[in-house]
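**Student:** Predicted model and sequence follow; I will ask about them next.
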Amino acid sequence: MNEIDLRLMRAAVAVAEELNFSRAAVRLHISQPALTKQIQDLEGFLHTKLFERDHQKVTLTDAGGAFVAEARLALLHHQRAIQAARSAAKGAEAILNVGHSPYTDPLLTSILSSVHLPPRLHEPMGSVCDRFGRGRGEWPADR
């Protein structure tokens with residue numbers, strides 16, 4: 001193996017999050033022996049153990065914690081690259097990324113997810129500001 005592919009990164013992240021090979025395998029829609037082989041291949045490539053495991057529990061090693069943190073970022077950037085290419089192909093000028101936390105109101109998240117912006121705004125921002133009173137709270141109905 002010359003390099004690590006995304007499949008192995010996903011496997012390591014799933015095992016780290018589940019701390020259980022069987023649950024991680026179900027989550028990844030693969031068999032538990034296949035997942036074990038993937039982790040062994042990854043550990044062989046890295047020449048270090050990512051997980052300490054016995055029949056009772058799985059724990060992350062320090063090397064595993066460092067790898068999983070970076071693997072999560074790599075997977076995120078992979079998804080962002082795909083989204084950027086698809087958006088550019090559709091003519092998007094910018095991408096709006098909205099983060100959320102466990103404390104984010106689910107209603108806000110669902111509303112933001114349902115918004116579909118037009119492909120391009122053909123009106124310059126200055127004319128939009130003029131129409132809406134340059135932030136003075138003067139909406140068209142108020143004029």
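**Tutor:** Nice, I can see it.

**Student:** Beyond the longest helix seen in the chain, next helix or strand please.
**Tutor:** Looking across the chain with DSSP state H, the single longest helix is helix 62-89. Counting by DSSP states H and E, the next helix or strand C-terminal to helix 62-89 is helix 106-114.

**Student:** so how far is that next one from its chain's centroid?
**Tutor:** When C-alpha coordinates are averaged (CA atoms, centre = their mean, to the nearest Å), helix 106-114 and its chain have centres 17 Å apart.

**Student:** try stretch 53-65
**Tutor:** Using CA atoms, centre = their mean, the offset of stretch 53-65 from its chain centre is 24 Å.

**Student:** Export only the CA atoms of that stretch, formatted as CSV.
**Tutor:** The C-alpha coordinates for stretch 53-65 follow below in CSV (Å, rounded to 0.1, in the frame of the first residue of the first chain):
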residue,chain,number,x,y,z
ARG,A,53,-8.5,-3.8,21.7
ASP,A,54,-9.5,-6.9,23.5
HIS,A,55,-12.7,-8.9,23.6
GLN,A,56,-14.3,-6.4,26.1
LYS,A,57,-13.4,-3.0,24.8
VAL,A,58,-11.7,-0.8,22.2
THR,A,59,-9.7,2.3,23.2
LEU,A,60,-7.9,4.9,21.0
THR,A,61,-4.1,5.2,21.4
ASP,A,62,-2.4,8.6,21.3
ALA,A,63,-1.4,7.9,17.7
GLY,A,64,-5.0,6.9,17.0
GLY,A,65,-6.4,10.1,18.4
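
**Student:** mind checking pLDDT for residue 69?
**Tutor:** On pLDDT, residue 69 comes in at 96.

**Student:** Count the neighbours of it for me.
**Tutor:** Using other CB atoms under 10 Å, residue 69 has 11 neighbouring residues. Backbone N, C-alpha and C define where each C-beta goes, glycine included.

**Student:** before we move on, what about residue 45?
**Tutor:** Using other CB under 10 Å, residue 45 has 13 other residues around it.
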